[in-house]
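# build me a structure from this.
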Amino acid sequence: MAVLVIAEHHHGALSDATHKVVTAASKFGGDVDLLVAGENAGAVAPEAAKVSGVRKVLKAEGESLRKQTAEAMEALVVPLMANYDAVFIAATTTGKNIAPRIAAKLDVMQLSEITAVIDASTFERPIYAGNAILTVKSSDAKKVVTVRGTSFEAAGNDGSAAVEDVAAPAGPFRSEFVSEEMVKSDRPELAGASASSPADAPLARPRSSRKSSSRSPTSSAPPSVPRAPPWTRAMPRTTIRSARPARSLPRNSMSPSAFPAPSSTLPA
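Residues are numbered from 1 along each chain as shown. So this is what the prediction gives:
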């Protein structure tokens, strides 16, 4: 049994998310191979070979892999899956773009954003915005898994894996990379913030500079009513309608002829 991990790298450096995916893949069982694909994959391969727990590094370098588009990566990974039981990739923007196409070509179900590996066919993943954990068991022969990196520790850098060249797929493909623009923001990075980071602290509501004025008991203003908790105010308004049809009166029941005219003659 063997697992293929698709590495992510930026500007010649291996991403930290790849180290965490390697940890998740090692819990799946069997050997773990790391695929480094890209136009500058040769510069990343030596760093990838040092990741702990990796048996070998597959290096695919070519113009068609300049940016890891879904079509090019699918053409590269699907033939390699003949030698692997699962492919793991980080649940990042790149991973969420690549994994669905690979799963579709393999005709298997994708296992998205797992947070734990129980065995080779059973995984855990969050649902309902993280309020519940779902245990998923897949019977597919090949597993396509995206990993939520915050749930796993990063693998070390004391490995010594061998590097093997893999032919890059020949293009052109239906989609191609045109350009990218990096925008640097002054806002804190919440994804990588620690538990003690000020970014994780609750936001404090600023106090008003106006002073509250006290009212006398005889004031005509109504007393202030405490507001309902936010979770009750956010609940949707429910309207209940009866399934019983409304009773309809006869058409002539309310006509003037239905009531006798008052008599102007007083009784004797």
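# confidence score at the closest residue to residue 44 other than its chain neighbours?
Spatial nearest neighbour of residue 44, chain neighbours left out: residue 9 (4.4 Å); criterion: CB to CB, 6 or more residues apart in numbering. In this view, the C-beta of every residue, glycine as well, is placed from N, C-alpha and C. pLDDT recorded at residue 9 is 88.
# low pLDDT regions in the stretch 101-250 of the chain?
Applying pLDDT under 70 to the stretch 101-250 of the chain flags the ranges 174-180, 189-250.
# all helices for it, in order.
Ranges of helices within the stretch 101-250 of the chain are 230-233, based on DSSP state H, counting those that start in this stretch.
# now do the strands in it.
Secondary structure of the stretch 101-250 of the chain (DSSP state E, counting those that start in this stretch): strands located at 110-114, 116-117, 122-127, 132-137, 143-147, 162-165.
# and the fourth one, what does it pack onto?
Of the remaining helices and strands, those touching strand 132-137 by 3 or more CB pairs under 8 Å, 6 or more residues apart in numbering; DSSP states H and E are strand 122-127.
# what are the buried residues along the strand it packs on?
Within strand 122-127, the residues that count as buried by 16 or more other CB atoms under 10 Å are 123, 125, 126.
# ok, now stretch 35-51?
Buried residues in stretch 35-51, counting neighbours by 16+ other CB under 10 Å, are found at 35-39, 41, 44-45, 47-51.
# ok, stretch 154-161 next?
Quick answer for stretch 154-161 (16+ other CB under 10 Å): 154, 155, 159, 161.
# check contacts around the first one.
Contact criterion CB atoms under 8 Å, 6 or more residues apart in numbering gives 16, 19, 20, 23 as the residues in contact with residue 154.
# let's go with 6 Å and repeat that
If you count contacts by CB atoms under 6 Å, 6 or more residues apart in numbering, residue 154 has them with 16, 19, 20.
# how many neighbours does the second one have?
For residue 19, the neighbour count with other CB atoms under 10 Å is 23.
# ditto for the last one
Neighbour count of residue 20, defined by other CB under 10 Å: 20.
# let me see the mean pLDDT of stretch 29-38.
Per-residue scores along stretch 29-38 average to 92.
# for that stretch, which outside residues touch it?
Residues contacting stretch 29-38 (CB under 6 Å, 6+ apart): 1-7, 25-26, 44-45, 48, 53-60, 65, 76, 120.
# cross the residues you listed against strands and list the overlap.
With strands taken from DSSP state E, the overlap with these comprises 2, 3, 4, 5, 6, 56, 57, 58, 59, 60.
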